[in-house]
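Peer 1: heads up, no residue letters with this:
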């Protein structure tokens, strides 16, 4: 009986018996007044119009609105600060945050201990940061339209979604455009970032010190860089698209034990993928197409496995400078190379001859770019012929002992193909030119 009474008391104290639907008229300060008078569990139904003034939600509430409901901070601070657990914000437009980068002004900010917040189907327009998940656990940010600012300097802009030290965050089905990074996850873990659309940003997804997290099913179009995984352990990067991004499609920089699979990078990036001082990563079944460099592999990256990938029509398939051979096949399955003139007499889908994407002249051209003037010279062609005929004269480099005869295909929906064409058409007009992704000290 004692245990039953204890359970009953717990249930009664957990359930807000006085929860009610409360209609809140538009105006200045009306929403803050309604919050101050609300009980945990209440649903504040916002009437159409502009609700002016920044607010702080310090109890478990739901804010619900429609297409014509606007919460406007009037340029002062963060529009909505969530300081309590189990808060839901649904179906409203949030705008007018301040522009103080040090204060991390945002449309919506979720503070530490404000756990299990749900931010869904909102429109966050013209704020410095869209949603700042700043310490709250298990937040869900889903189905939102986020359009950031367009200051001349990209580093003066904020992120669409900023996740800091917020384990268990799920960011799903959002559309993010303009601003700095679509998602910037810093010093966090066990996050899931899936099925989002990113356009006209510096980075689509940017990880710093983010461990055991997943980036999947996202679409990056016309950004400076698609997916930058930096100083992070055990990330999963799968089934994403990078279409007409400018600099890189996928970057692993000091990233270890990553699984990178099923991704498509195409459309003229400087590097489809860049592996920099990254170790023990599994990279398979990706398609890298139409870049200046298919994969740039450098800075002592060790014990990586590459298998089942397609390198299609890249001006330079692989850029790797090393003194020893690096095998890029695994358990008898290598990668597809569009410039490998191989045969498959056995009909098993594996080419009969190994493939080396680079030779001595490549190494010379990388270290002495002026030597490109001699590329067509007979002496250079003689050296290349000799190396292809006598592989023992080749320097260390990538070797694929089991090249594939067919490339994996990755479909792109028609709506994204149209956006890709639009981004490619205005590629030279990009306003993302005040940062250098090759400067790996700038984040």
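Peer 2: Yep, that arrived. Predicted model, so just to flag it, every value in this text is computed and none were measured. Residues are numbered from 1 along each chain as shown.

Peer 1: Now do the nearest residue to residue 297 once chain neighbours are set aside, the pLDDT please.
Peer 2: The shortest distance from residue 297 to any non-neighbouring residue, by CB to CB, 6 or more residues apart in numbering, is to residue 320 (4.4 Å). Every C-beta, even on glycine, is put in place using the N, C-alpha and C of the backbone. You'll see residue 320 listed with a pLDDT of 86.

Peer 1: how many neighbours does residue 320 have?
Peer 2: 20 (other CB atoms under 10 Å).

Peer 1: hang on, it packs against residue 326?
Peer 2: Yes: between residue 320 and residue 326 there is a contact under CB atoms under 8 Å: 6.9 Å.

Peer 1: Give the residues shared as contacts by the two.
Peer 2: Common neighbours of residue 320 and residue 326, using CB atoms under 8 Å, 6 or more residues apart in numbering, are 297, 397, 398.

Peer 1: hmm, who's touching the helix or strand harbouring the first one?
Peer 2: To tie it back to what came earlier, the one meant is residue 297. Element membership of residue 297, judged by DSSP states H and E, is strand 293-298. Residues outside strand 293-298 that contact it (CB under 8 Å, 6+ apart): 270-277, 288, 311, 314-321, 326, 398.

Peer 1: Which of those residues are buried? Put it as a PyMOL command.
Peer 2: Per 16 or more other CB atoms under 10 Å, the buried members of the contacts of strand 293-298 correspond to this PyMOL selection:
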select buried, resi 270+271+272+273+274+275+276+277+288+311+314+316+317+318+319+320+326+398
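
Peer 1: mind listing which of the contacts of strand 293-298 are in strands?
Peer 2: Filtering the contacts of strand 293-298 for membership in strands, criterion DSSP state E, returns 271-276, 288, 311, 316-320, 326, 398.

Peer 1: returning to what we had before: among the shared contacts of residue 320 and residue 326, show me the least confident.
Peer 2: Minimum confidence in these sits at residue 397, scoring 80.

Peer 1: Pass me the low-pLDDT residue ranges in this structure, would you?
Peer 2: Across the chain, the ranges flagged by pLDDT under 70 are 1-18, 299, 321-323, 358-396, 429-443.

Peer 1: how does it look with 90?
Peer 2: 1-19, 154-155, 268, 297-302, 320-326, 341-342, 346, 356-398, 426-443 (pLDDT under 90).

Peer 1: List the contacts of the most centrally placed residue in it.
Peer 2: Closest residue to the average C-alpha location of the chain: residue 205 at 2.0 Å, with CA atoms, centre = their mean. Shown in contact with residue 205 (CB under 8 Å, 6+ apart): 181, 182, 183, 185, 193, 198, 215, 218, 220, 226, 227, 228.

Peer 1: ok, now which ones touch the closest residue to residue 166 other than its chain neighbours?
Peer 2: Spatial nearest neighbour of residue 166, excluding adjacent residues (CB to CB, 6+ apart): residue 133 at 4.4 Å. Residues counted as contacts of residue 133 (CB under 8 Å, 6+ apart) are 110, 117, 139, 141, 161, 162, 163, 164, 166, 169.

Peer 1: okay, those residues in CSV with secondary structure and neighbour count next?
Peer 2: Listed next are those as CSV, based on DSSP: H, G, I helix; E, B strand; the rest coil; neighbours: other CB atoms under 10 Å:
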residue, secondary structure, neighbour count
110, strand, 32
117, coil, 27
139, coil, 29
141, strand, 29
161, strand, 30
162, strand, 24
163, strand, 29
164, strand, 20
166, coil, 27
169, coil, 27
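
Peer 1: For residue 38, state which of those residues is nearest.
Peer 2: Closest approach to residue 38 among the contacts of residue 133 (CB to CB): residue 117, at 16.4 Å.

Peer 1: doesn't residue 135 make contact with that closest one?
Peer 2: No: assessed by CB under 8 Å, residue 117 is found out of contact with residue 135, at 10.9 Å.

Peer 1: Determine the residues that are contacts of both of these two.
Peer 2: When CB under 8 Å, 6+ apart defines a contact, the residues bordering residue 117 and residue 135 alike are residue 110.

Peer 1: For this structure, which segments count as helices?
Peer 2: 2-14, 30-37, 360-367, 378-389, 414-425 (DSSP state H).

Peer 1: nearest to residue 235, of the shared contacts of residue 320 and residue 326?
Peer 2: Proximity of the shared contacts of residue 320 and residue 326 to residue 235 (CB to CB) peaks at residue 297, which lies at 18.1 Å.

Peer 1: On the strand side of things, show who that closest one bridges to.
Peer 2: When assigned by DSSP bridges, residue 297 has beta-bridge partners residue 275, residue 320.

Peer 1: can you tell me how far it sits from residue 275?
Peer 2: Remark: distance between residue 297 and residue 275 (CB to CB, to the nearest Å) = 5 Å.

Peer 1: what's the answer for residue 127, then?
Peer 2: In this structure, residue 127 and residue 275 are 35 Å apart, going by CB to CB.

Peer 1: Then residue 112?
Peer 2: From residue 112 over to residue 275 (counting by CB to CB), the distance is 35 Å.

Peer 1: and what of residue 165?
Peer 2: As defined by CB to CB, residue 165 lies at a distance of 27 Å from residue 275.

Peer 1: what does residue 242 give?
Peer 2: Distance, residue 242 to residue 275, by CB to CB: 15 Å.

Peer 1: Then residue 261?
Peer 2: Using CB to CB, residue 261 is found at 15 Å from residue 275.

Peer 1: again, but for residue 183
Peer 2: Applying CB to CB to residue 183 and residue 275 gives a distance of 21 Å.

Peer 1: With residue 100 instead?
Peer 2: For residue 100, the distance to residue 275 (CB to CB) stands at 37 Å.

Peer 1: outside of stretch 98-109, which residues touch it?
Peer 2: For stretch 98-109, contacts defined as CB under 8 Å, 6+ apart pick out 73, 75-82, 89, 94-95, 97, 119, 122, 124, 127-132, 134, 146, 149, 156, 158, 162.

Peer 1: Run the chain-centre distance for that stretch.
Peer 2: Averaging C-alpha positions (CA atoms, centre = their mean, to the nearest Å) puts stretch 98-109 21 Å from its chain's average.

Peer 1: what's the answer for stretch 342-353, then?
Peer 2: With CA atoms, centre = their mean, you get 37 Å for stretch 342-353.

Peer 1: Buried residues of that stretch, list them for me.
Peer 2: For stretch 342-353, a neighbour-count test (16+ other CB under 10 Å) marks 350, 351 as buried.

Peer 1: So which residues make contact with it?
Peer 2: For stretch 342-353, using CB under 8 Å, 6+ apart, the contacting residues are 332, 333, 334, 340, 355, 402, 403, 404, 405, 406.

Peer 1: Quick check: the farthest pair among those residues?
Peer 2: 332 and 340 (16.6 Å).

Peer 1: Settle it for me: which of the two has more neighbours?
Peer 2: Comparing residue 332 with residue 340 by neighbour count (other CB under 10 Å), the higher total belongs to residue 340, at 20 against 10.

Peer 1: Done for today, thanks.
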